[in-house]
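Novice: quick one: sequence and predicted model below, then my questions.
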Amino acid sequence: MYDVIVIGAGIIGISSALKLQQEGKRVLVLDSKGVAAETSAGNAGAFAFADVIPLATPGIMRKAPKWLLDPLGPLSIRPAYAFKILPWMLHFWRASWKDRYAAALKAQADLMELSKAALERQIKAVDGEHLIRREGQLQLYEGAAEFQAAWPSWQTRKAHGVKFELLESTEAIAKIQPGIDPRFTHAGFTPEWKNVVHPKTWTEHLANVFTEMGGEIECHQVDSIAPQTDHVVVFTEGHCFQGRQLVVAAGAWSKQLASQLGDNVPLDTERGYNTTLPAGAFELKTHITFSNHGFVVTKAGDGVRIGGAVELGGLSLAPNYQRSKILLDKAAKFLPGLKTEHGEQWMGFRPSMPDSLPVIGFAKDCSRVIYAFGHGHLGLTQAAGTAELVHDLVMGQNPSISMSAYSAQRFS
């Protein structure tokens, strides 16, 4: 019997498994496809600790119709999925009320602060500094009006300890990142922003450290979970595994598993699109965010990755790679020297909760099961912090931050 079974070999599952293995636990990781085979391979590779502001901000619903009706806009709903996403949207609307927003902002900031410190501990523990890029982030604005509209968000970041420099000329921007179209006259630069050299490489590195310490990873599709008095049984096709405790970290596929344990969580998917260009596509100095256009430009290995936008469309609908093309075309206009040939398109499922907060905590009907999913586009960012919280819950210790905001039962 294992001490802990972890379902999910993405960045959250692997980080949690590694932390528990370091504590001497015997840990098994189960995943249907293997390490970083889904969203943990194709994301932007950013540790976005500056992104403390939830998506569901006060007044967001006045903007939402314009976004949602544009099938290729930065936030859209596939018509075939509109009815299914309605409960999620209602929770999203409620999360945007001032009372809920203030609580979510604090909870997000608390988790970011923990995760920022936890990441440095993780990097040191796995000798991973060579896989980290400490090059900052440049958030760009077209003109003074757009910049002024974003001013409150920078004040919120300042209140939560985010360091930044505001730039108000194309010359100042070019000193940090040459080659940006002069339409972008203002920017905010966050110097402490970090990226990994490649998200898949980073997750695989953590997984290798985990297995070198005796941890086990097996490829199986989990069918069901059966809590017992003193352990939990996990059934796959042709196999069953027993663990004293279980961690559900299956990302966008966690909802069905949670429902078996009595928790109906409003988890859905932000379908993210990107195109990765080969080496030499652009001389990128820092992570670039075009926030009002819903995408980023970042390094991925030796190449450049252009990705973002949110499409609410569930797990079953076919990808709409026209979204990737739209982002690439915009990037070519905004970065005139960008070479767009020979790109590789990708679509992944970000596990999204309506209030932008993950689910971290015990299952309603079984204290032997711990949830760690629903991080949206912040999975890599919050993985090390989540792993420490999972560790505390497994070990019966008091977590360093209040956990009520991340409870699976908070929408009940």
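Specialist: Cool, got the structure.
Novice: quick one: low-confidence ranges for the stretch 301-412 of the chain?
Specialist: Applying pLDDT under 70 to the stretch 301-412 of the chain picks out no residues at all.
Novice: the same query, at a cut-off of 90, please.
Specialist: Residue ranges of the stretch 301-412 of the chain with pLDDT under 90: 308-313, 320, 323, 365, 412.
Novice: which residues in it form helices?
Specialist: Listed in chain order, the helices of the stretch 301-412 of the chain (DSSP state H, counting those that start in this stretch) span 322-334, 379-395.
Novice: again, but for the chain
Specialist: Along the chain, counting by DSSP state H, helices occupy 11-22, 39-42, 60-68, 82-95, 98-125, 144-159, 170-176, 199-212, 254-259, 322-334, 379-395.
Novice: just the buried residues of the fourth one, please?
Specialist: This means helix 82-95. I85, W88, M89, H91, F92, A95 (16 or more other Cβ atoms under 10 Å). (C-beta placed from N, C-alpha, C; glycine too.)
Novice: would you mind pulling the contact partners of it?
Specialist: Identification of contacts with helix 82-95 by Cβ atoms under 8 Å, 6 or more residues apart in numbering yields 54-56, 61, 77, 100-101, 104, 266, 268, 312, 314, 352, 354-356, 411.
Novice: at 7 Å instead, please
Specialist: If you take Cβ atoms under 7 Å, 6 or more residues apart in numbering as the criterion, helix 82-95 is touched by 56, 61, 77, 100-101, 104, 266, 268, 312, 314, 354-355, 411.
Novice: the residues you listed: which two are farthest apart?
Specialist: Using Cβ to Cβ, the two most remote members of these are Y101 and G314, lying 25.8 Å apart.
Novice: could you export the buried residues of helix 82-95 as TSV, including pLDDT and distance to D181?
Specialist: TSV is the format used below for the buried residues of helix 82-95 (pLDDT from 0 to 100; distance: Cβ to Cβ, whole Å):
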residue	pLDDT	distance to D181
I85	88	35
W88	92	36
M89	89	35
H91	93	38
F92	91	33
A95	92	35
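Novice: ok, back up a step: just name the most buried of the helices of the chain.
Specialist: Mean neighbours per residue, mean count of other Cβ atoms under 10 Å, is largest over the helices of the chain for helix 11-22, with a mean of 28.
Novice: which strands and helices lie in contact with that one?
Specialist: strand 2-7, strand 27-31, helix 199-212, strand 366-373, helix 379-395 (3 or more Cβ pairs under 7 Å, 6 or more residues apart in numbering; DSSP states H and E).
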